[in-house]
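In: 3D, please:
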Amino acid sequence: MFKVTTEPLSIDDAYAAVRRDDCGAVALFVGTVRDHHDGKKVTQISYSAFQEMAVKEFAAIATEAIARWKVGAVYIAHRTGPLKIGDASVVIAVSSAHRAEAFEGCRYAIETLKKMAPIWKEEFYETGKAWISG
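Out: Purely as a prediction, here's the structure:
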């Protein structure tokens, strides 16, 4: 399952989407909003996305992970709109028969998403704001 949403992300939904009887491992990555960047205090962030293209990119990432590491299933969800400190901005879950493949597939998914998905982050500070790449 792949989605871009303004709704809060669910770790339970991610786990349920990839849990399979033939997979003994599930790796989960949750990216959360932190309170600092480059020495500045972050007060909130906002994500924007080209939703249809982002979902297509998520599917392509999953297809590659399945082919390279023989993973069972991949779930990728990214939140858009304003987010507070501590909110989950991205949730990725990958299942496989063994842990090494689940970890590799999950790492590949987040690293590739950050490089390829049409998602943009704007950070807000006590003294201004800035668009952040990658």
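
In: For the rest of this, base every contact and every neighbour count on C-alpha atoms.
Out: Fine.

In: Let me see the confidence value for I45.
Out: Here the pLDDT value assigned to I45 is 97.

In: so the residue nearest the centre of the chain bridges to which residues?
Out: By C-alpha atoms, centre = their mean, the chain has its centre lying nearest to V90, at 3.3 Å. Taking DSSP bridges as the rule, V90 bridges to G31, H78.

In: Contact partners for it?
Out: The neighbourhood of V90, defined by C-alpha atoms under 8 Å, 6 or more residues apart in numbering, consists of 9, 29-32, 76-79.

In: ok, and the most crowded of those?
Out: Scoring the contacts of V90 on neighbours with other C-alpha atoms under 10 Å, the highest-scoring entry is H78 at 27 neighbours.

In: quick one: contacts for that one?
Out: Per C-alpha under 8 Å, 6+ apart, neighbours of H78: 3-5, 9, 89-91.

In: Quick check: of those, which lies closest to F50?
Out: Checking the contacts of H78 against F50 with C-alpha to C-alpha, the nearest one is V4 at 9.1 Å.

In: Once you drop chain neighbours, what's closest to the closest one?
Out: Leaving aside its sequence neighbours, V4 sits nearest to H78 (C-alpha to C-alpha, 6 or more residues apart in numbering; 4.9 Å).
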